[in-house]
Every structure is written in C-alpha cells, then in structure tokens.
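Colleague: have a look; sequence and predicted model below, questions after that.
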Amino acid sequence: MPVVLDSWAVMALLDDEPAAARVDEALEGNETLMSWINLGEVYYQLLRRRGDEIARSAVDAIRSRVRVELPDERVIMSAARIKAGGGLSYADAFCVATAQRHRAQLWTGDEEILRLDAGVELVNLREAR
C-alpha cells in the first residue's frame with residue numbers, strides 16, 4: 001500500500017526524533033509519496049532554523065527517497081473541501097487530499113490530522129511500536 005508523508009513525519013526524520021525509525025521504515029518498504037506543498041513546509045521550517053544550504057540539502061535528500069507530486073486541479077479542490085471542513089491548515093489538507101487520491105496510508109504525528117475523519121488510514125507516528 002502506498003504511504004503519504006506529511007511535513008511532521010519528514011521533520012521527525014530529519015530531526016532524528018523518536019518517530020524517525022518508523023518514517024525510515026516507510027521509506028524503505030513502501031511506495032512513498034508527498035505533496036510539494038508539504039515538502040515546501042519542510043523547506044521553510046529548515047530555512048528558518050538552519051539556513052538555505054541545509055534546507056536545500058534536506059529537500060534534495062527527501063526527493064531522492066520520496067515521489068513528490070505537484071497538486072493538480074483535483075487535489076487542489078479536494079484540499080479546499082477538506083480545509084473548508086475546518087480544523088486543518090491548508091497545507092495539511094494537501095497531505096490528506098494526496099493520501100485520498102492514492103488510497104494511501106497517511107503517516108503523521110500531527111494531532112490535528114490524527115483527529116480528522118480523513119477517509120484514509122492514518123498511522124500515528126507518536127505511538128510506540
């Protein structure tokens with residue numbers, strides 16, 4: 001089954017947080033996808049904290065392991081409907097819409113996403129295995 005990662009999952013990996021091993025597992029054993037919107041979130045967070053060189057290097061490293069998709073009209077409209085339902089940022093709505101499109105699991109530790117009835121299987125990266 002395909003796996004979609006959100007920015008929370010990728011930041012956990014890059015910051016070597018407790019969920020990093022599980023995210024690495026997803027990258028090794030699955031078709032792993034991500035929206036460019038969410039990878040843009042990763043970039044701006046790293047840019048603020050660590051500067052452009054490290055942020056660009058991290059984005060390149062993720063791109064070498066994850067299929068990153070530009071949202072098309074269908075995903076954009078789906079994300080807008082999800083956002084209109086309340087409770088999520090617009091960027092978070094893109095990872096949900098991407099997971100819905102691919103009938104993929106969505107791996108995250110983002111509490112707002114985990115509370116959502118997303119219509120996809122959510123994998124809570126905060127839970128110990």
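Modeller: Arrived safely.
Colleague: hang on, residue 113 packs against residue 93?
Modeller: No - using Cβ atoms under 8 Å, residue 113 is not in contact with residue 93, being 9.3 Å away. C-beta: built from backbone N, CA, C; applies to glycine.
Colleague: of those two, who's got more company?
Modeller: In this view residue 113 and residue 93 are compared by other Cβ atoms under 10 Å, and residue 93 has more residues nearby, 26 against 22.
Colleague: in three-state terms, label that one for me.
Modeller: Secondary structure for residue 93, judged by DSSP: H, G, I helix; E, B strand; the rest coil, is helix.
Colleague: which elements pack onto the lengthiest helix in the chain?
Modeller: Counting residues, the longest helix found in the chain (DSSP state H) is helix 36-50. Judged by 3 or more Cβ pairs under 8 Å, 6 or more residues apart in numbering; DSSP states H and E, the packing partners of helix 36-50 are helix 7-14, helix 52-63, strand 67-69, helix 90-102.
Colleague: that one vs helix 90-102, what angle?
Modeller: 140 degrees (axes from the mean of the first three to the mean of the last three Cα atoms, to 10 degrees).
Colleague: go through helix 36-50 and flag the buried ones.
Modeller: Buried residues in helix 36-50, counted by 16 or more other Cβ atoms under 10 Å: 37, 38, 39, 41, 42, 43, 45, 46, 47.
Colleague: and which of these is nearest to residue 89?
Modeller: residue 41 (8.9 Å; Cβ to Cβ).
Colleague: got the contact list for the closest one?
Modeller: Neighbouring residues of residue 41 by Cβ atoms under 8 Å, 6 or more residues apart in numbering: 7, 91.
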